Structures are given as structure tokens and as C-alpha cells.
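> next come a sequence and a model predicted from it.
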Amino acid sequence: MTASDLSLGGLYCSSTRDYPEMTRLAVRLRLSSDAPIDVEAVVVRRERRASVSGEGRYELALFFTGMSDDARETLTRFLSQRVSMS
């Protein structure tokens, strides 16, 4: 999966694999040089997109349903750095 939008509440991403709405996922976020963080999420929206190669692509909106305090702090720090850089 490739994320295109990330917040404390969830993320919007593109995937070659389809996940029906309400599917629970374990997600590992790789944020720059920080260690990856693991969160729990549920698919709240999905849409199939055609790709140039002809293989199916799916745009997924994920809502975070579980995150440790450490993961939340790491994600908050990452997001605040991204905002200050823009």
C-alpha cells in the first residue's frame, strides 16, 4: 500500500489488493527514519481504479481503531514536522 494522506485519525491509500468495507487490518506505518509503528484500522471506504498497466488498483480510506500511546506520540511528532516543513 502507498499512503497519500495521513492523519491521527486514519489514512487514504492505494493498494493492488481489494479489501471490502469494514475489513479490520493490522497496518505498519513506515515514517521516514523513525522505527515503523503498528496500528489497527478498518476500511471505511473503497473504490476500484483502473491503472495504466491494466491491473486493478483500489483507493482505500482507513480509520484507525487502535494505537498505542507510543505510536500516537510518534505519529503526532511526524505529522507536526511535516506541517512545519510546508
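Right, received. Where do you want to start?

> count the residues that sit near Leu62.
26 (other C-beta atoms under 10 Å). Any C-beta I mention is one placed from the backbone N, CA and C, and that applies to glycine too.

> in the lowest-mean-pLDDT helix or strand in the chain, what's buried?
Among the helices and strands of the chain, helix 69-85 carries the lowest confidence by mean pLDDT, DSSP states H and E, at a mean of 85. Neighbour counts over helix 69-85 (16 or more other C-beta atoms under 10 Å) mark 71, 74-75, 78 as buried.

> tell me which of the residues you listed is nearest to Phe63?
Leu75 (14.1 Å; C-beta to C-beta).

> the most centrally placed residue in the chain: what secondary structure?
Nearest to the mean C-alpha position of the chain, by C-alpha atoms, centre = their mean, lies Leu11 at 3.8 Å. On the three-state scheme (DSSP: H, G, I helix; E, B strand; the rest coil), Leu11 is labelled strand.

> nearest residue to it other than its sequence neighbours?
Among residues not flanking Leu11 along the chain, Ala3 sits closest, at 4.9 Å (C-beta to C-beta, 6 or more residues apart in numbering).
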